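[1] Sequence plus predicted model, see below.
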Amino acid sequence: MIYTVTFNPSLDYIVSVEDFKLGLTNRTSSELMLPGGKGINVSTVLGNLGIESTALGFLAGFTGKEIAGRLDQMGIKNGCIWLEEGYSRINVKLKSIDGTEINGQGPEIPEKKVEELMKQLSALGEGDVLFLAGSIPSSMADDAYQKIMEMLDGKGIRIVVDATRDLLMKVLPYHPFLIKPNNHELGEIFGVELKTRESVVPYAKQLQKKGAQNVLVSMAGEGAVLVAASGEVFEAPAPKGKLINGVGAGDSMVAGFMAGYMEKEDYLHAFHMGIAAGSASAFSENLATREEIASVYEQITK
């Protein structure tokens, strides 16, 4: 079974505003509401590819009920733990000004609820896949990913970690199956600037030496690089297309990679599926559909 963890899920309110003006009343020209958070994005893309997953995390309040209802409509199994106080956050994403977001804080997560999640995760076993994606809320200990991986170490679970700097470095000793820094995050870890696909390879290999099995580096318009557990290195330029919405592209990439790997256990196919899913989401209004991913995959591989 596949599980995704989103500690702080959101209700994403995605709007377009023509000619946005600060200090004045602006009216939307389009709007959309979706369940969000990096793990939920992964579950969404997996679902679009026909792969079942269970979303884990915490929900609260009227927004939490809406997220739960939308997960159900999308066919995503909901294993989220209910919090008695607070409400799940609302994130406002302004499409007409690319990359502009206002993200809510989310509810306080009591220690007993964290323990409940750990109990859920302790039931995972051989052959399961677990995605740990995104930041850790301030109400939780910042070593949460480390504790999860320590608990699951040696159980034959493929764990994917999509997190930044310190969170990422702390989990490497537990040999995550896949990590996905972008070139800027990889550069920050080592104090260098990485602009070309060739330049990221030695630093990705260093993360392998520290414990990661596979290192997938996304580079936006420059493409992507995979340093695989097999010792192979794959690199590819970005597919051609118009950037419409960068939100969720990285989550789509890790979902596509694992979908491809589970299908054939072939790193090149998984790499191409990762690029196709990430790019297809960037080229579309919402997270990529199966048809959109297939179209980009065909462009990459022909």
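    Nice, I can see it. Residues are numbered from 1 along each chain as shown.
[2] Please make it C-alpha for all contacts and neighbour counts, starting now.
    Fine.
[3] Can you tell me the element Lys93 falls in?
    Assigned by DSSP states H and E, Lys93 belongs to strand 89-94.
[4] Pairing partners for whatever helix or strand comes next after that strand, with directions?
    Using DSSP H and E, the helix or strand that directly follows strand 89-94 along the chain is strand 100-103. Note on strand 100-103: by DSSP bridges, its sheet partners are strand 89-94 (antiparallel).
[5] Now do the partner strand, average pLDDT.
    Across strand 89-94, pLDDT averages out at 92.
[6] what does it contact?
    Contacts of strand 89-94 with the rest of the structure, by C-alpha atoms under 8 Å, 6 or more residues apart in numbering, involve 8-17, 63, 99-107.
[7] Name the residues of that strand that are buried.
    Of the residues in strand 89-94, Arg89, Ile90, Asn91, Val92, Lys93, Leu94 count as buried by neighbour count, 16 or more other C-alpha atoms under 10 Å.
[8] and which of these is nearest Leu132?
    Checking the buried residues of strand 89-94 against Leu132 with C-alpha to C-alpha, the nearest one is Arg89 at 19.0 Å.
[9] gap between the closest one and Pro35?
    For Arg89, the distance to Pro35 (C-alpha to C-alpha, to the nearest Å) stands at 10 Å.
[10] Packing partners of the helix or strand hosting Ala294?
    Per DSSP H and E: Ala294 is located in helix 290-301. Using 3 or more C-alpha pairs under 8 Å, 6 or more residues apart in numbering; DSSP states H and E, the elements in contact with helix 290-301 are helix 267-282.
[11] Report all helices and strands that the helix it packs on contacts.
    Judged by 3+ C-alpha pairs under 8 Å, 6+ apart, helix 267-282 is in contact with helix 249-264, helix 290-301.
[12] Mind putting those into CSV with mean neighbour count?
    Below are these laid out as CSV (neighbours: other C-alpha atoms under 10 Å):
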stretch, mean neighbour count
helix 249-264, 23
helix 290-301, 16
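[13] mind putting these in JSON lines, mean pLDDT and distance to Arg158 included?
    What follows is the helices and strands packed on helix 267-282, written out as JSON lines (pLDDT from 0 to 100; distance: least, C-alpha to C-alpha, whole Å):
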{"stretch": "helix 249-264", "mean pLDDT": "96", "distance to Arg158": "10"}
{"stretch": "helix 290-301", "mean pLDDT": "94", "distance to Arg158": "23"}
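[14] Between these, which one is closest to Gly274.
    Set against Gly274 and scored by C-alpha to C-alpha, those come closest in helix 249-264, at 4.0 Å.
[15] can you dump the C-alpha coordinates of the closest one into CSV?
    Taking C-alpha atoms only, helix 249-264 is exported to CSV below (Å, rounded to 0.1, in the frame of the first residue of the first chain):
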residue,chain,number,x,y,z
ALA,A,249,5.0,20.4,-9.9
GLY,A,250,7.6,19.0,-7.5
ASP,A,251,5.0,16.8,-5.7
SER,A,252,3.9,15.6,-9.1
MET,A,253,7.5,14.7,-10.0
VAL,A,254,8.0,12.4,-7.0
ALA,A,255,4.6,10.8,-7.6
GLY,A,256,5.4,10.2,-11.2
PHE,A,257,8.8,8.8,-10.4
MET,A,258,7.5,6.3,-7.9
ALA,A,259,4.6,5.4,-10.2
GLY,A,260,7.1,4.7,-12.9
TYR,A,261,9.4,2.7,-10.7
MET,A,262,6.6,0.6,-9.2
GLU,A,263,5.4,-0.2,-12.8
LYS,A,264,8.7,-1.5,-14.2
